[in-house]
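Asker: Predicted structure and sequence below. I'll ask about it afterward.
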Amino acid sequence: MIQRTLVLVKPDGVRRGLVGEILARLEKPGLKLVALKMKTADRELAGRHYTYEDIGAKWGDAVRNRLLDYLTVSPVVAAVFEGSSAIEVVRKIAGVTEPRLSAPGTIRGDYCHHSFQHCTAAGKAVQNIIHASSNEEDAKREISLWFEEDEIASNYERSDQQEHFLSKED
């Protein structure tokens, strides 16, 4: 099933100069980049992205407020990727939410190490470099927060999607 998913390179990923590396890791397996922008989120956008129902109800207001502070501190790079099972594929490449548990070879496993426990004790958000939509419903909602439909350019083919590229006659 072809899906779209939202990816955010969070402020720590942007500040560390990892945007290109992260986008490349997602493109290499064949996911198609269909939208891209750099934006500094205001508190309202951050609050609609990290909703109370999703974060506050599960983890508490303090955790949600730290996430809102973190997402608004400096620019993020927002991207939409499209592909077969894109949500699952992106989440595998990103690694698990808690960086210390992410496997080597994943984005979080290679570029961050914080634990929930450490960050809670320090009173800060977990800096885990990337956000990846967790399911189709979230992906649709999140994409609409960050992009207008006319900003999404899915009407092109990657060269590895083109018929002649896949032909055995070449």
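Answerer: That came in fine, so what should we check first?

Asker: which residues in this structure form helices?
Answerer: Using DSSP state H, the helices found in the chain span residues 11-15, 19-27, 43-49, 57-59, 61-72, 86-94, 107-111, 116-122, 136-146, 163-166.

Asker: Could you point out which of those helices sits nearest residue 80?
Answerer: Nearest to residue 80 among the helices of the chain is helix 136-146 (5.6 Å), distances taken as C-beta to C-beta. To be clear about C-beta, it is placed using only N, CA and C from the backbone, and glycine gets the same treatment.

Asker: Quick one, which of the helices of the chain gets closest to residue 78.
Answerer: Evaluated over the helices of the chain, closeness to residue 78 peaks at helix 136-146, with 4.3 Å, by C-beta to C-beta.

Asker: buried set for that closest one?
Answerer: Buried residues in helix 136-146, counted by 16 or more other C-beta atoms under 10 Å: 138-139, 141-143, 146.

Asker: if we can go back for a sec, which of the helices of the chain has the lowest average pLDDT?
Answerer: With a mean of 56, helix 163-166 has the lowest mean pLDDT of the helices of the chain.
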